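Asks: Sequence first, predicted coordinates after that:
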Amino acid sequence: MKEKKIPSAVSYYVVAAASIFWAMSLPLYEVAHFVSFGIVMLLLFITSWQIWPKKIQVEMKVKKVEDKKAKEEEKKIASTGDPEIDKMIEDKTLALLEMKRLDANIINEKISNQIVHLQDVTDKIVARVVENPSKKKQVRRFFNYYLATTIKLLNAYDRMDEAGISGINIDGTKGKIEEMMETAVDAYDKQLDYLYKDEALDISTDITVMENLMKSEGLTEK
């Protein structure tokens, strides 16, 4: 935290008033007159600056430093060293922010709950890819098309909601989007589940091998 003293504006008002008085009452057409005028005005300014209190401006340096550090830490967390995954994280962040906005705007409780679910699943999909970068190819279509299209359709639903009327085009389109959301929830869940396919296969293999070993060594009943 740093304090900075700023001269009072009164000093400028005093000099301005004195200048007007001088121009109206005293000669100001020779070099000596201008020199005298400058000296007097300077003395008036210095004197008034000393007499009237200065404003104190407090600069919150500490907070600025803390905010800067927080942003740097956030950037470090978001950076994985893989440009493609970093872009994925950035896209996810923007998508979740837009979903939150849409959730707040859309009145339909079912759609709102589905949006919250999609936010959660999307976040988990990205977390899974960050943990296993080799899986990034499996979610390219999800990010390049499915996620973007879902948000596009939800924005259309939001705009039609704001129209505040019922009609063939509005009601029909909203109905189709509501049906699409049912499909989207299922598809997002399957996308996340698919990212665990290799791990599930490895675990299943480990269990089978372990069971066979225990059986061959007579460690199981059958």
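Replies: In hand now; what should we look at? This one's a predicted model, so the numbers in the text were calculated from it and none came from an experiment. Numbering: from 1, shown residues only.
Asks: any chance you could map the helices in this protein?
Replies: With helices called from DSSP state H, the chain shows them at 10-25, 31-51, 61-78, 83-105, 109-131, 140-141, 147-163, 168-194, 197-216.
Asks: lowest-confidence stretch among the ones you listed?
Replies: Note on the helices of the chain: lowest mean pLDDT is at helix 61-78, with a mean of 48.
Asks: I106: neighbouring residues, count only.
Replies: Applying other Cβ atoms under 10 Å, we find 18 residues neighbouring I106. To be clear about C-beta, it is placed using only N, CA and C from the backbone, and glycine gets the same treatment.
Asks: Relative to G81, how far out is it?
Replies: I106 sits at a distance of 37 Å from G81 (criterion: Cβ to Cβ, to the nearest Å).
Asks: Next: S112.
Replies: 37 Å.
Asks: per the record, what domains does this structure have?
Replies: What automatic domain parsing lists as the domains of the chain is 2-59, 80-208.
Asks: Among the ones you listed, show me which one is buried the most.
Replies: Across the domains of the chain, averaging neighbours per residue (mean count of other Cβ atoms under 10 Å) puts domain 80-208 on top, at a mean of 15.
Asks: next one: it to chain centre, how far?
Replies: 18 Å (Cα atoms, centre = their mean, to the nearest Å).
Asks: For it, measure first residue to last.
Replies: With Cα to Cα, to the nearest Å as the measure, domain 80-208 spans 36 Å from end to end.
Asks: for stretch 134-148, same thing?
Replies: 22 Å.
Asks: list the contacts for D91?
Replies: Listed by Cβ atoms under 8 Å, 6 or more residues apart in numbering, the contact set of D91 reads 143, 147.
Asks: If we ignore the residues flanking it in sequence, what's nearest Y188?
Replies: Using Cβ to Cβ, 6 or more residues apart in numbering and skipping the chain neighbours, the partner closest in space to Y188 is V121 (4.4 Å).
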